[in-house]
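K.L.:
Below is the sequence, then the predicted model.
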Amino acid sequence: MNLEELNEVQREAVTHIDGPQLVIAGAGSGKTRVLTYKIAYLLEQGVEPNRILALTFTNKAAREMKERIARLVNADKTRYLWMGTFHSICARILRQEAQSLGLTRDFSIYDTADSKSLLHRIVKDKGLDEKIYKPGLVLNKISMAKNRLCGPENYGLIKAYGDQDKYDRTYEMPAVYQSYQRQLREANAVDFDDLLMLMCQLLQNNAAARLYYQSVFQYILVDEYQDTNYAQYLIVKLLAEPENNVTVVGDDAQSIYSFRGADITNILSFQQTYPHARVDKLEQNYRSTQNIVNLANSLIEHNKHQLRKSVFSNNDRGDKVSLLPYPSDREEAQEVINLITREHAMNGTGYNEVAVLYRTNAQSRAFEGELRKMGIPYRIYGGMSFYQRKEIKDAICYFRLAANPRDNEALLRIINFPTRHIGDTTLRKLSEAAQAHNTTMLEVASNPKGYDLSVTSGTQQSLTEFASMMMDLSEMMDTTDAYTFAQHAIQRSGILREAKADLTPEGQDRAENLEELLTAIHEFVDQRTQMGIDFTPMHDFLGEVALLTDQDEHTDDPTQRVTLMTVHAAKGLEFKVVFIVGLEEDLFPSQYCVRAEDIEEERRLLYVAITRAMNRCYLSFARQRFRNGTFNFTNPSRFLRELDRECLRQGERPLPTSPQRGGVPTYPASPEYPTRPRVLRPVQSAGSTMHNAQVTSTWTPGDRVFHKVFGAGEVLQTYNENEVDKIDIQFDKVGKKTLMLTYAKLERL
DNA sequence: TATCCGGGGTTTTTT
DNA sequence: ACCCCGGATA
């Protein structure tokens, strides 16, 4: 490796070896480069590869980093590096230590869908209101608690959780959490967050294990440190002791995962955690033009909560960033696709160098439609990933249940698919019997008579047949390789037959997907063979598959396709040309932002989006957007007025003029431009709620403001400005429903 | 037990 | 516009 390829700051960061180190790496400043060079440098200095632990955010990042290191040093060494996501590294260690944690090494990892389904059952069993205890909400609460290392036994003691539960009316959360955790363990399963929490518990409670792993990992490096949560922080801290040879790399300005428990204070207070930490700041951006970097800087300046740094670019000044308003989301999509065509035709920009970035996955539809119409190749990231598809998940659940007979979630999913005439009633009895006899549902199914199950003889037969099939698969699993096993399992189970029998296009897709799964498993086995592992059982595949995400699926594909993805998914990537669309209030920033910190996170999110662009960046918004089945008027994102106008070029359409007295952008007087829609909140409703009532104020050339109340697609009432200071509006009949709405004063623009 | 129909609720981002 | 659920029906 050649250290001359680094700039001075980078080189110093790379060659600093011992002791804690914080590398603050601005967008596009060569963060990954520093990390890879540092690992390569450590290897060159004679550090054993298996003494280095490198934690990344995605599997893909880990893989790419490995490849890059392999190009710098002897490729053989990189194989033995401990490199992966927090979750996968923890899973690996936990399998090793499973016994001491009350698990077997074949424990299942429940994905979000499994967890939600388990929670749903718990809520039902406890007779709680399913409207209040929504699985997503409940899982989120549990996840947040686990990220802070709060187990079910402590949950009820924490006031903050209690308060939140009071607010959400989820008073029974402690019991739900307890039951959830108990059933996870009974199923010999862990969820995502358990991987981190159990790892912490292992290190805290088991001195021998702690000392062992502390001595194994001589050097620890963490990528994207700004997105770590408390559990991850603690894992790093405990593993690094007592030498504290820990290097963390990150950018507080790109912290965008707080909804997942990420805690930006981890990076902000690194120096308090490690008082003698060395700090390096990488501030030169090599990726983007000056205009893009300056624009991004002007935005992020508005955040209060950040580490000081000044990112700059010595690249060309470049084109100004375009700000494009469109009348509706539809036109936005059409015009953006037009611009892409133009980029392609006039600048020769390859389709794969263009990305359309949006805040929510739902926005992809409009662009997808237009791209298809224009015959432009594209690829949408996100949405339903391969491993979440029904048929794939079904197949994997067969594997999972064969590996871990206690995995009830897998059993419930597949016991009646393909249909075996085993319905809800039978399953309830099965579950009760299993609880009563303290055994697994599969065991009861294998011997319904023995457990006095009151089911018909036909059902009995179905159960025993299913159970004996699963036992056969279980046996086969240890002796055959993953590919052979999978092939056999999807045939024996009947899911392949089921898919093939379905002659609809969807059915054919499913059959193809199953074939694709087999191919993936085959590749997995091949890879392992190349690594010198001559036998790869299904267990090994299962261990990895649970932690795969759609980010990891398709590596670089050679075809030239436009990329469509959420801003979150775009983190760490770069494109020559970037379109950031839907820059509207309540969308970007999201409508769910309430606190000032939430807005700061959204601002960082936009910062991330802008800094993905190398050469050109386009920002767009629509004045009307079709959402949740209705057309809504929108307002331009507040972020737009925070941008340095020096870096902006006005679009062809009338643009907001510069802000007056710190207000929002104003618009040309004609025609009518609606502003500031407010969705009315029902305070009391007889019957059910109505979602599509809204208020808009209308700004007309005469400079008078009218407020219109829309409901069920029509204007219900119009008020002039003086009338709307805190009034209650009552509608007796809107459609078939009666409801009462309260409406707070509108801010005058 | 499976399937069809209608109504109600729903929407952020994801390792 | 879509998905999910519950209830009714085959």
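P.N.:
Done, it's in. Numbering: from 1, shown residues only, chains lettered A, B, ... in the order given.
K.L.:
In chain A, what residue comes closest to DNA strand B?
P.N.:
A:G423 (2.4 Å; Cβ to the nearest atom of the strand). Any C-beta I mention is one placed from the backbone N, CA and C, and that applies to glycine too.
K.L.:
doesn't A:N416 make contact with that residue?
P.N.:
Yes: counting by Cβ atoms under 8 Å, A:G423 does reach A:N416; the two are 7.1 Å apart.
K.L.:
Neighbour count for these two, which is higher?
P.N.:
A:N416 (16 against 11; other Cβ atoms under 10 Å).
K.L.:
secondary structure class for the more buried one?
P.N.:
Of the three states, A:N416 takes coil under DSSP: H, G, I helix; E, B strand; the rest coil.
K.L.:
Now name the helix or strand holding the residue nearest to it when sequence neighbours are not counted.
P.N.:
Nearest residue to A:N416 in three dimensions, chain neighbours excluded: A:I422, at 4.7 Å (Cβ to Cβ, 6 or more residues apart in numbering). Assessed by DSSP states H and E, A:I422 sits outside every helix and strand.
K.L.:
Distance of A:I422 relative to A:A433?
P.N.:
14 Å (Cβ to Cβ, to the nearest Å).
K.L.:
can you check A:R33 too?
P.N.:
Taking Cβ to Cβ, one finds A:R33 at 59 Å from A:A433.
K.L.:
before we move on, what about A:C150?
P.N.:
33 Å.
K.L.:
Tell me where the longest strand sits in chain A.
P.N.:
As assigned by DSSP state E, the longest strand anywhere in chain A is strand A:613-627.
K.L.:
buried residues in it?
P.N.:
By neighbour count on 16 or more other Cβ atoms under 10 Å, the buried set for strand A:613-627 is A:613-625, A:627.
K.L.:
Redo the residues you listed as CSV? Include distance to DNA strand C and pLDDT.
P.N.:
Shown next, in CSV, are the buried residues of strand A:613-627 (distance: Cβ to the nearest atom of the strand, whole Å; pLDDT from 0 to 100):
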residue, distance to DNA strand C, pLDDT
A:A613, 31, 96
A:M614, 35, 96
A:N615, 36, 95
A:R616, 33, 95
A:C617, 31, 95
A:Y618, 27, 94
A:L619, 26, 94
A:S620, 22, 91
A:F621, 21, 89
A:A622, 16, 85
A:R623, 19, 78
A:Q624, 15, 77
A:R625, 13, 82
A:R627, 9, 75
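K.L.:
any low-confidence regions in chain A?
P.N.:
A:383-385, A:504-506, A:549-558, A:628-631, A:650-749 (pLDDT under 70).
K.L.:
What is the end-to-end distance of stretch A:621-634?
P.N.:
By Cα to Cα, to the nearest Å, the extent of stretch A:621-634 from end to end equals 9 Å.
K.L.:
all strands in the stretch 201-350 of chain A, in order from the N-terminus.
P.N.:
A:219-222, A:246-250, A:278-282, A:284-285, A:312-313, A:321-328 (DSSP state E, counting those that start in this stretch).
K.L.:
now the helices for the stretch 201-350 of chain A?
P.N.:
A:207-216, A:230-240, A:265-268, A:270-273, A:290-300, A:329-346 (DSSP state H, counting those that start in this stretch).
K.L.:
ranking these by burial, who's on top?
P.N.:
helix A:290-300 (a mean of 24; mean count of other Cβ atoms under 10 Å).
K.L.:
residues contacting the closest residue to A:H305 other than its chain neighbours?
P.N.:
Once flanking residues are discounted, A:H305 sits nearest to A:E600: 5.8 Å by Cβ to Cβ, 6+ apart. Contacts for A:E600 (Cβ atoms under 8 Å, 6 or more residues apart in numbering) come out as A:303-305.
K.L.:
close to DNA strand B, is stretch A:257-268?
P.N.:
Yes: residues of stretch A:257-268 contacting DNA strand B under Cβ under 7 Å from any atom of the strand: A:257, A:259-260.
K.L.:
Report the beta-bridge partner residues of A:Y219.
P.N.:
Taking DSSP bridges, one obtains A:I52 as the residues bridged to A:Y219.
K.L.:
Looks like it contacts A:I52 (just checking).
P.N.:
Yes: using Cβ under 8 Å, A:Y219 is in contact with A:I52, at 4.9 Å.
K.L.:
Show me whatever sits in contact with both of those two.
P.N.:
A:L42.
K.L.:
ok, the two, which is more surrounded?
P.N.:
Neighbours were counted for A:Y219 and for A:I52 using other Cβ under 10 Å; A:I52 has more, 25 against 20.
K.L.:
Could you report the distance from that one to DNA strand C?
P.N.:
According to Cβ to the nearest atom of the strand, to the nearest Å, A:I52 stands 43 Å off from DNA strand C.
K.L.:
Give me the distance between the two termini of stretch A:294-312.
P.N.:
Stretch A:294-312 end-to-end distance (Cα to Cα) = 7 Å.
K.L.:
now swap in stretch A:319-334 and tell me
P.N.:
Per Cα to Cα, stretch A:319-334 runs 22 Å from first to last residue.
K.L.:
which bits of the stretch 1-150 of chain A sit near DNA strand B?
P.N.:
Residues of the stretch 1-150 of chain A lying near DNA strand B (Cβ under 7 Å from any atom of the strand): A:57-59, A:85-87, A:112, A:131, A:134, A:136.
K.L.:
Get me the contact residues on the stretch 51-200 of chain A for DNA strand C.
P.N.:
Counting by Cβ under 7 Å from any atom of the strand, the stretch 51-200 of chain A sits next to DNA strand C at A:120, A:130.
K.L.:
Nearest residue to the closest residue to DNA strand C within the stretch 201-350 of chain A in space, ignoring adjacent ones along the chain?
P.N.:
Residue nearest to DNA strand C within the stretch 201-350 of chain A: A:R330 (11.8 Å; Cβ to the nearest atom of the strand). Nearest non-adjacent residue to A:R330, counting by Cβ to Cβ, 6+ apart: A:A366, 6.3 Å away.
K.L.:
Sticking with that neighbour, tell me its helix or strand.
P.N.:
Going by DSSP H and E, A:A366 is part of helix A:364-374.
K.L.:
chain center to the helix or strand immediately after that helix in the chain: distance?
P.N.:
As assigned by DSSP H and E, the chain's next helix or strand after helix A:364-374 is strand A:378-380. Taking Cα atoms, centre = their mean, to the nearest Å, one finds strand A:378-380 lying 18 Å from the centre of the chain it belongs to.
K.L.:
Could you do stretch A:451-458 as well?
P.N.:
That offset, for stretch A:451-458, works out to 44 Å (Cα atoms, centre = their mean).
K.L.:
buried set for that stretch?
P.N.:
A:451, A:453, A:455.
K.L.:
I'd assumed A:Y233 was in contact with A:G250.
P.N.:
No: A:G250 is not in contact with A:Y233 according to Cβ under 8 Å; the separation is 12.0 Å.
K.L.:
Could you give me the buried positions within the helix or strand where A:D165 lies?
P.N.:
Using DSSP H and E, A:D165 falls within helix A:159-168. By neighbour count with 16+ other Cβ under 10 Å, helix A:159-168 contains the buried residues A:161, A:165.
K.L.:
Next, see if it gets close to DNA strand B.
P.N.:
No: against DNA strand B, helix A:159-168 shows no contacts by Cβ under 7 Å from any atom of the strand, the least distance being 12.0 Å.
K.L.:
Report the inter-axis angle for the next helix or strand after that helix versus helix A:159-168.
P.N.:
Moving toward the C-terminus from helix A:159-168, the next helix or strand (DSSP H and E) is helix A:173-186. Calculated by axes from the mean of the first three to the mean of the last three Cα atoms, to 10 degrees, helix A:173-186 forms an angle of 110 degrees with helix A:159-168.
K.L.:
Can you list the buried residues in helix A:173-186?
P.N.:
A:173-174, A:176-181, A:183-185.
K.L.:
Stretch A:67-80 now?
P.N.:
Buried, per 16+ other Cβ under 10 Å, within stretch A:67-80: A:68-70, A:72-73, A:77-78.
K.L.:
and the residue of the stretch 351-500 of chain A found nearest DNA strand C, how far is that from A:S179?
P.N.:
Using Cβ to the nearest atom of the strand, A:R365 is the residue of the stretch 351-500 of chain A that sits closest to DNA strand C, at 8.3 Å. Going from A:R365 to A:S179 by Cβ to Cβ gives 38 Å.
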